[in-house]
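Peer 1: what's the 3D shape of this:
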Amino acid sequence: MRRLALFVPFIIFLLLGFFLFRGLSLDPKELPSALIGKPFPAFAASTLDGKQVSEADLKGEVALVNIWATWCPTCKQEHAYLNKLAREGVKIFGVNYKDETEKAKVWLQQLGNPYEFNVQDEDGMIGLDLGVYGAPETYLLDKNGVVRLKHVGDVNDRVWKEKIQPEFQKWSEL
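Peer 2: Numbering: from 1, shown residues only. Presented below is the predicted three-dimensional model:
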């Protein structure tokens with residue numbers, strides 16, 4: 001029994017070392033989402049132009065849902081690329097996250113509006129249901145409104161071509 005007690009710290013050390021070593025191989029930019037394979041969370045909210053929408057309005061076509069805000073410098077950086085995708089026929093819905101409505105309207109007037117509609121999420125409750133870490137974040141939804149992919153950070157040409165577009169095409173063909 002006494003000999004066994006001598007090995008317990010060594011076993012704990014090995015287990016701790018294993019988990020720490022495993023953590024070094026993880027990509028810190030990959031933030032997993034519990035929503036992958038599940039329907040977009042239920043919501044009922046107003047758009048920036050005052051219309052009432054819900055998660056049902058996200059269904060019908062493969063689409064992106066982009067979490068953005070005027071206070072987010074990376075959102076401004078990605079905005080031109082989202083405009084380009086929208087011109088190419090990609091359906092994009094916006095969630096204006098923890099932002100002021102008037103500032104968001106001015107932003108869209110000045111920089112262009114790639115979104116089918118923009119949900120106001122001033123209190124961050126939709127973002128909370130999505131597990132948003134911050135803006136920007138983008139979700140890929142299939143035709144039934146099921147989350148198929150989550151991307152944290154800006155959508156740019158590389159991210160679109162290497163990560164999002166292949167999944168977008170895959171779900172569009174089903």
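Peer 1: So for Gly134, what's the pLDDT?
Peer 2: Confidence at Gly134, expressed as pLDDT, is 89.
Peer 1: repeat for the one 5 residues further on
Peer 2: We have a pLDDT of 98 for Tyr139.
Peer 1: Also the one 10 residues further on?
Peer 2: Residue-level confidence at Leu149 comes out at 97, pLDDT.
Peer 1: From Trp68, how far out is it?
Peer 2: 17 Å (C-beta to C-beta, to the nearest Å). The C-beta positions use only the backbone N, C-alpha and C, and glycine is treated the same way.
Peer 1: the more surrounded of the two?
Peer 2: Trp68 (28 against 19; other C-beta atoms under 10 Å).
Peer 1: which residues touch the more buried one?
Peer 2: Trp68 is in contact with Cys75, Glu78, His79, Gly94, Val95, Asn96, Tyr97, Ala135, Pro136, counting by C-beta atoms under 8 Å, 6 or more residues apart in numbering.
Peer 1: One more pass at 6 Å, please.
Peer 2: If you count contacts by C-beta atoms under 6 Å, 6 or more residues apart in numbering, Trp68 has them with Cys75, Ala135, Pro136.
Peer 1: could you point out where the protein is predicted with low confidence?
Peer 2: Within the chain, the ranges that satisfy pLDDT under 70 run 1-8, 12-33.
Peer 1: I appreciate the help and will end here.
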